[in-house]
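>>> Output the structure for:
(one chain, ligands or ions: 1)
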Amino acid sequence: MPQATPLILDLASGLYLHQEASGKTVLLGGTDQYTWPGFEEVVDKSMAEDFFQTAMETIPSTINIKWLRTYTGICEQTPDFHPIIGEAPELKGFFLANGFSGCGFMHAPAIGRIVADLILQGKTDRIDLSSFQLDRFANLSL
Ligand SMILES: Cc1cc2nc3c(=O)[nH]c(=O)nc-3n(C[C@H](O)[C@H](O)[C@H](O)COP(=O)(O)OP(=O)(O)OC[C@H]3O[C@@H](n4cnc5c(N)ncnc54)[C@H](O)[C@@H]3O)c2cc1C
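Predicted coordinates:
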């Protein structure tokens with residue numbers, strides 16, 4: 001794979017892949033979309049094998065990848081896989097910036113500015129936040 005490969009994310013399968021800065025290792029993983037929400041942090045090797053299989057089918061050059069190690073972590077997912085950003089509808093002065101799934105680090109600098117705008121000015125001109133309001137889930141039965 002080229003050394004400067006950007007993060008590749010396949011929303012259909014949940015697979016993601018990116019080359020580490022060293023150019024020698026690849027981080028390959030995904031979200032287990034079928035696990036019931038909870039706090040389990042045990043690596044399910046069968047899931048890892050599924051991600052490997054999907055990677056080989058999607059990006060054939062990954063067939064040469066040697067499996068070094070696995071780890072797992074808890075990811076917070078909203079029902080539409082998009083974050084919640086804005087003032088809590090029923091709690092004035094309480095600001096939400098969560099539900100970033102597996103993308104929270106890379107979004108953090110921009111989200112910090114957006115939330116600072118909301119706190120200091122009560123609005124932001126940087127992006128349209130209407131798709132990220134908490135109340136979009138108001139009529140959703142979970
Ligand atoms: C395996 C894995 C790989 C990832 N890889 C990437 C990546 O490559 N790039 C990327 O951009 N993002 C990645 N992410 C996502 C990124 O880690 C998260 O989006 C980001 O950490 C979210 O930051 P946060 O501050 O919103 O929430 P968190 O980091 O989850 O922080 C929330 C904090 O609140 C605390 N807390 C929770 N409930 C309470 C409570 N009731 N009272 C007090 N404290 C509480 C928690 O203990 C925690 O410290 C990955 C996530 C995982 C799990």
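>>> Pull the number of nearby residues for the nearest residue to residue 140 once chain neighbours are set aside.
The shortest distance from residue 140 to any non-neighbouring residue, by C-beta to C-beta, 6 or more residues apart in numbering, is to residue 79 (6.0 Å). C-beta here means a position set from N, CA and C on the backbone, and glycine is covered the same way. Using other C-beta atoms under 10 Å, residue 79 has 10 other residues around it.
>>> Please apply the same query to residue 132.
20.
>>> Report the contact partners of it.
Applying C-beta atoms under 8 Å, 6 or more residues apart in numbering, we find residue 132 in contact with 82, 83, 84, 85, 86.
>>> just checking, what packs against the longest helix belonging to the chain?
For the chain, the longest helix by residue count, based on DSSP state H, is helix 104-121. Packed against helix 104-121, as judged by 3 or more C-beta pairs under 8 Å, 6 or more residues apart in numbering; DSSP states H and E, are the following elements: strand 84-87, strand 95-98.
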